[in-house]
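1. Sequence first, then the predicted structure, then my questions.
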Amino acid sequence: MKKLVAYITAGFPSKSFSVDLALSLKEAGVDSLELGIPFSDPVADGPIIEQANLKALQNGFKIEHLFDISKQIGKEIDTLWMGYFNSFYHRSMELFTDNAKKFGVSGFIIPDLPHEEALAYTQMTKEKELSLISFVAPTDSHDRIKQVVEHSSKFIYLVAYAGITGSGASEDLSKTIISIRQSTSTPIYVGFGVDEKTAKEKVKGVDGVIVGSAFVKILLDEKLSDSQKILKISNLARVIKESINEA
């Protein structure tokens with residue numbers, strides 16, 4: 001069975017909504033939740049997720065809200081905290097690793113933390129049995145891939161193209177996938193530009209997909225009530241889950 005990781009923006013539009021949505025996504029077949037930490041300059045994310053980030057911050061999001069949500073969902077659905085390194089550095093990695101362990105969160109996705117700098121935190125996360133997700137891009141050489149995935153765990157985040165999330169670009173990933181397979185047995189999940197139209201194609205040759213902008217676009221739809229948003233996002237998750245397992 002191929003895996004589906006769903007990204008949502010923590011605390012948007014509210015903490016209780018995030019909890020309800022997370023639990024609904026679990027029922028819809030989502031395997032892991034990428035709980036995004038709102039940040040003012042999300043450099044790897046496209047305009048849709050950036051807009052949700054800014055709205056969450058305008059609504060008064062604080063890191064404590066992330067912890068409050070995670071207390072309620074961490075033991076219910078496999079959860080990873082996705083954020084930019086400034087958030088982790090500002091409050092300290094020790095605080096995040098301690099709380100992740102406490103709340104049942106399984107790891108971290110930090111797209112702007114270079115591999116060389118991430119190595120400083122590898123031991124800390126491993127001691128708490130947490131994963132610090134490794135990123136591979138189609139522009140990486142075989143030698144670079146071998147270095148990056150050496151300490152990988154849980155899954156490799158394969159960036160589908162050089163750019164930002166949600167742009168819908170496409171690149172041939174076959175050589176990159178072969179290179180990763182030659183270097184590690186860690187599962188490969190493809191992210192960036194994955195939605196109900198592209199998931200079936202993008203999951204070929206890999207173990208799962210990561211979907212963000214397609215869900216967050218619904219979060220931003222002000223014509224929908226909270227319950228309608230949860231229903232629509234969960235139904236979309238079911239469609240994507242079914243499509244990747246038909247591939």
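-> Sure, I can see it.
2. In the protein, which strand is the longest?
-> Taking DSSP state E as the criterion, the chain has its longest strand at strand 3-9.
3. distance between the next helix-or-strand element following that strand and the chain's centre?
-> Downstream of strand 3-9, the first helix or strand assigned by DSSP states H and E is helix 15-27. Distance of helix 15-27 from the chain centroid (C-alpha atoms, centre = their mean, to the nearest Å) equals 15 Å.
4. And for stretch 47-62?
-> The answer for stretch 47-62 is 16 Å, by C-alpha atoms, centre = their mean.
5. I'd like the mean pLDDT over the longest strand of the chain, please.
-> For strand 3-9, the mean pLDDT works out to 98.
6. Ala237: how many residues sit nearby?
-> The burial count assigned to Ala237 is 23, neighbours taken as other C-beta atoms under 10 Å. To be clear about C-beta, it is placed using only N, CA and C from the backbone, and glycine gets the same treatment.
7. Thought Glu27 was touching it, still the case?
-> No: in this structure Ala237 lies outside contact range of Glu27 using C-beta atoms under 8 Å: 9.3 Å.
8. for the longest helix seen in the chain, packing partners?
-> Longest helix in the chain by number of residues (criterion: DSSP state H): helix 226-244. Secondary-structure packing of helix 226-244 (3 or more C-beta pairs under 8 Å, 6 or more residues apart in numbering; DSSP states H and E): strand 3-9, helix 15-27, helix 199-202, strand 208-211, helix 213-219.
9. Just send the ones you listed back as CSV, with distance to Thr122 and mean neighbour count too.
-> Formatted as CSV, those follow (distance: least, C-beta to C-beta, whole Å; neighbours: other C-beta atoms under 10 Å):
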stretch, distance to Thr122, mean neighbour count
strand 3-9, 21, 26
helix 15-27, 27, 19
helix 199-202, 28, 20
strand 208-211, 22, 26
helix 213-219, 29, 23
